[in-house]
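Chemist: Sharing a sequence plus its predicted fold:
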Amino acid sequence: MFKKLLNKLISVGIVASIILSGLVVFALPVLADSYNAYPDTGQYVYEKSVGGTKLAAGNLLQIIYAKGLKPLPPKSDGSPGGADALIDSTARTVGNIGGAGYFYYALNGLTNGNTVYIRVWNASTLKAATHYGDSAPLKIGNPLPNPPSAWAIKSFATSKPKPVTGPSIKSVSPSSGKQGETIAKVTIEGSGTTFTSNSKVTFGSGITSGTVKLLNALKLEVSNVKIASDAAPGKRDVTVDSVIGKNMFEVKAPTAATSIVIDDYEGATKSVSGSVTFPSGKVSSYYAIGPTKSNEPTVLRQTSVAKKDTYAMKTSYSANSDPKTSYRGWGGILVATQDASSVDTLTFWLKGDGSTNKVKFQVKDADGTNFGLTDANAVSLSSTDWKEVKISSFKTKMSRVVGTTSGDATLNWNKIDQYQFVFAGTAASTGVYIDHVVVSKGSTIPPVTGNPKIDKISKSKGKAGIEVTITGTGFGSAGKIEFAGTDAKAYIESLSTKQISAWSATGITFKVPDIKKGKKQLSVIRTSDSLQSNAVSFEVSASAAAASYNYPNPFNPSGAETTKIVFDSGTNTTATIYIFDTTAQMVEKLNWSGTAGANEVSWNGKNAFGEVLGDGVYLYRVAAGSSILGRGKILIINK
């Protein structure tokens, strides 16, 4: 029956495929009315080679059903555009359709008045790099057009082939933003798009966005596009629904400034609840600091006593007789992360209360590391007149705030996102005023001449992870430490590692890196001119992983035994223990937090699903970030 039908199809028309001078013409007949009177009873199209000449084997052909009277351009993946849809689920391969070059397809269940058209591609893949040609649309009806001249395929292989023109993103404005920045509005314009109010917009990793506002099918506005302070710099794709704009938005590192107004207390737009009020134009919100809620100060933005412009910040607090808990203050979260890597001078206006109390300026970076002026550099509140406080080289007079655990031991000056004023002393205050806080490149550091010189090292021997201090002269403002031994040289750098907590012209504090144990020659290389210091001897007594072991080993988890994994966390207070089988498959992960130094974690010999593991050798690794604190082997013997 099928063969008889196929012969009848061939008798009523032919398909011509002519390739002349790059022009492809494709003609398809359909059955006459006498065979298929109604659309829903089956209409057939077929293709036949003529004189042995056909489209090149491997080219693709699509049969597309459309409600419109004009073929829509395909999407970037080659699927039909708009509401058009494939009648077949996949594209057919021309020249490999079956038999002697024939194919047929039943066009069942189509609606009168709608259209069908043929799309031929000049390649075997459907994507933006290939090109296509469309037939004119054939209107579904009764009777069908005869002869089928409407099926002539347009050229798709001319000297300038027609490119795929699916929907695309035309522009993104603004097209970049800085780490830590929140952009109030980003406009996205498309081409051939059908944006809606429900369109989903993404900007890539490290970026979140707020409300999407539809302007029209080709244009959207996205509010509150927030770039995380730790978002990796570089270009990102912008995606609206399934439409992708390649590399259309760039995250940039904040530009190092020579002068930054940290806060001027102007530009307030609203008040907030609690004792701390009035965010300014530089700060998104303020918060109080104190050992207890009752010890927190009252902080108000004032107009009556301002040194510059209109407003200053007033702080008042009650007495506290215990010197250990007599600290109170407040902080501000900056609207945008600031790059303060190039500044060296802190300036602010201060009107004291006449007490013996003092105030410290403090900052926090994006990961929460908190540094403040040391006690020796705290500013007196004894003067009741306005005075300008100016602290040169203020970074060298700061250290990590005692008792803080957030972040790490290194302050990232190019990602400052909070500042604080903390008051120390037992006396009460009826009002201390602060105005116009600025950090700037206020002093010129004289050029360093001659080689750096190490005078003293606090330890001559130690294991990886311990803290060591070098004192001397001419270290400059940045550089690296070299460890030279019988193996390859190792380096730790001041600006690119968390292993150096302090670097000044006369002193460097660092953690011994996890390198091969043995005697080393330690020296300092200054960044500004690459000059190297004299070498001093230092012995790495053990790697970070060497001090780790577990007991009992072996152990019997089926008998309710546990083993304890022992490791030295150094200065770390959190770590993760990963346990693997001998095929390198992770079977369990244990999270640890506690105090720095020697620690141990128990493991019951079960996997992440609570199942007792079988007999055998298991490997463990203790890690804190990128540092390996320990590793070893565990033997399980179930009895």
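Modeler: Sure, I can see it.
Chemist: for A409, what are its contacts?
Modeler: T369, R400, K498, S501, K511, T571 (C-beta atoms under 8 Å, 6 or more residues apart in numbering). Heads up, the C-betas are built off the backbone N, CA and C, glycines and all.
Chemist: Please apply the same query to N556.
Modeler: G605, I636, I637, N638, K639.
Chemist: Just the buried subset of those residues, written out for ChimeraX, thanks.
Modeler: In ChimeraX, this line selects whichever of those come out buried by 16 or more other C-beta atoms under 10 Å:
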select :605,636,638
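Chemist: farthest pair in the contacts of A409?
Modeler: Across the contacts of A409, no pair lies farther apart than T369 and K511, at 14.8 Å, counting by C-beta to C-beta.
Chemist: And the contacts of stretch 532-541?
Modeler: 451-454, 457, 459-464, 468, 470, 472, 474-475, 482-484, 512, 515-526.
Chemist: hmm, back to that, so which of the contacts of N556 sit within helices?
Modeler: Of these, none are assigned to helices by DSSP state H.
Chemist: Among the contacts of N556, which one sits closest to I262?
Modeler: For the contacts of N556, the residue nearest I262 by C-beta to C-beta is G605; the value is 53.9 Å.
Chemist: quick one: pLDDT of that closest one?
Modeler: pLDDT, the model's per-residue confidence, is 94 for G605.
Chemist: just checking, it touches G559?
Modeler: No. Using C-beta atoms under 8 Å, G605 makes no contact with G559, being 9.7 Å away.
Chemist: still on that earlier bit, just the buried residues from the contacts of A409, in PyMOL please.
Modeler: Remark: buried members of those, expressed as a PyMOL selection using 16+ other C-beta under 10 Å:
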select buried, resi 369+400+498+501+511
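Chemist: Now tell me which of the contacts of A409 the prediction trusts least.
Modeler: Out of these, that is K498, at 62.
Chemist: Could you pick out the buried ones from the contacts of stretch 532-541?
Modeler: Here, 16+ other C-beta under 10 Å leaves 451-452, 454, 457, 462-464, 468, 470, 472, 474-475, 482-483, 512, 515, 520, 522-526 buried among these.
Chemist: Now, those residues that are in strands?
Modeler: Counting by DSSP state E, these place 454, 457, 462, 468, 470, 472, 482-483, 520, 522-526 in strands.
Chemist: what number of residues lie near the closest residue to T325 other than its chain neighbours?
Modeler: Distances taken as C-beta to C-beta, 6 or more residues apart in numbering put P291 closest to T325, at 4.1 Å, once the chain neighbours are dropped. By the criterion of other C-beta atoms under 10 Å, P291 has 14 neighbours.
Chemist: G234 too?
Modeler: For G234, using other C-beta under 10 Å, the count is 12.
Chemist: give me every residue that touches the nearest residue to it once chain neighbours are set aside.
Modeler: Leaving aside its chain neighbours, G234 sits nearest to V251 (6.2 Å; criterion: C-beta to C-beta, 6+ apart). By C-beta under 8 Å, 6+ apart, the residues touching V251 are 176-179, 206-207, 227, 231-236.
Chemist: Now the element after the helix or strand hosting V251, going C-ward?
Modeler: Assigned by DSSP states H and E, V251 belongs to strand 243-252. Once the chain leaves strand 243-252, the next helix or strand it forms, by DSSP H and E, is strand 259-263.
Chemist: same for that following strand, what does it pack against?
Modeler: Here strand 259-263 touches strand 327-338, strand 429-440, going by 3 or more C-beta pairs under 8 Å, 6 or more residues apart in numbering; DSSP states H and E.
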